[in-house]
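Undergrad: sequence first, then the predicted structure, then my questions.
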Amino acid sequence: MKKNAPASTPSVPGDSRYSFFEDVWAVARLIPKGRVTNYGAIAKYLGTGLSARMVGWAMNACDKVKPKVPAHRVVNRNGMLSGKMHFSPPEAMQQRLEKEGIRIENDKVVDFKGKFWDPAIELS
DNA sequence: TAACTGACTCGGC
DNA sequence: AGCCGAGCCAGTT
């Protein structure tokens, strides 16, 4: 039997256990097809610019979240698919990006700056 | 229970 | 111009 309120309780908006993980996933899902963003932009949009690491960590758990989160559209500030090695298979990230019109070269997003999608601006 | 790591980023040297 | 250290939050060992 489960405890009263385990930390693993599904977070929902309005709940005190609502962690910014949910926000990260929400923002990630808002990323338009053919666009990419970086961890810092999301973190900053959430008000925790220094927590860019956690954004990546949230992506690690994105696979267990529903609906699926387009974590492949989130890359580091260099436009490099730093998290592709965490995909399964790793090449899936690049494959999906290319499928959406994003061109990848040497594990880096081509014209990253031009395809960059900043939630702080687009959602402002 | 405490400590470390981790899909990051920025500032300083 | 490149390298190093510090900060953040949560999950894992």
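TA: Thanks, I have it.

Undergrad: tell me the residue of chain A that sits nearest DNA strand B?
TA: At 1.6 Å from DNA strand B, residue A:83 is the closest residue in chain A, using C-beta to the nearest atom of the strand. (Each C-beta comes from the backbone N, C-alpha and C, glycine too.)

Undergrad: in chain A, which spans are helices?
TA: A:20-30, A:39-46, A:52-62, A:91-99, A:112-115, A:119-122 (DSSP state H).

Undergrad: tell me which of those helices lies nearest to DNA strand C.
TA: Taking C-beta to the nearest atom of the strand, helix A:52-62 is the member of those nearest to DNA strand C, at 4.1 Å.

Undergrad: so who does the closest residue to residue A:41 other than its chain neighbours touch?
TA: With sequence-adjacent residues excluded and distances taken as C-beta to C-beta, 6 or more residues apart in numbering, residue A:41 is closest to residue A:118, at 5.0 Å. Counting by C-beta atoms under 8 Å, 6 or more residues apart in numbering, residue A:118 touches A:37, A:41, A:45.

Undergrad: residues of chain A that sit close to DNA strand C?
TA: Contact residues (C-beta under 7 Å from any atom of the strand) of chain A with DNA strand C: A:7, A:19, A:20, A:21, A:48, A:50, A:51, A:52, A:53, A:54, A:57, A:61.

Undergrad: contacting DNA strand B as well, which ones from these?
TA: Answer for those near DNA strand B (C-beta under 7 Å from any atom of the strand): A:50, A:52, A:53, A:54, A:57.

Undergrad: tell me which residue in chain A sits closest to DNA strand C.
TA: At 3.7 Å from DNA strand C, residue A:50 is the closest residue in chain A, using C-beta to the nearest atom of the strand.

Undergrad: and that residue, what's its pLDDT?
TA: If you check residue A:50, the pLDDT there is 89.

Undergrad: what's the neighbour count on it?
TA: Residue A:50: 9 surrounding residues under other C-beta atoms under 10 Å.

Undergrad: ok, residue A:21 next?
TA: Neighbour count for residue A:21, taken as other C-beta under 10 Å: 19.
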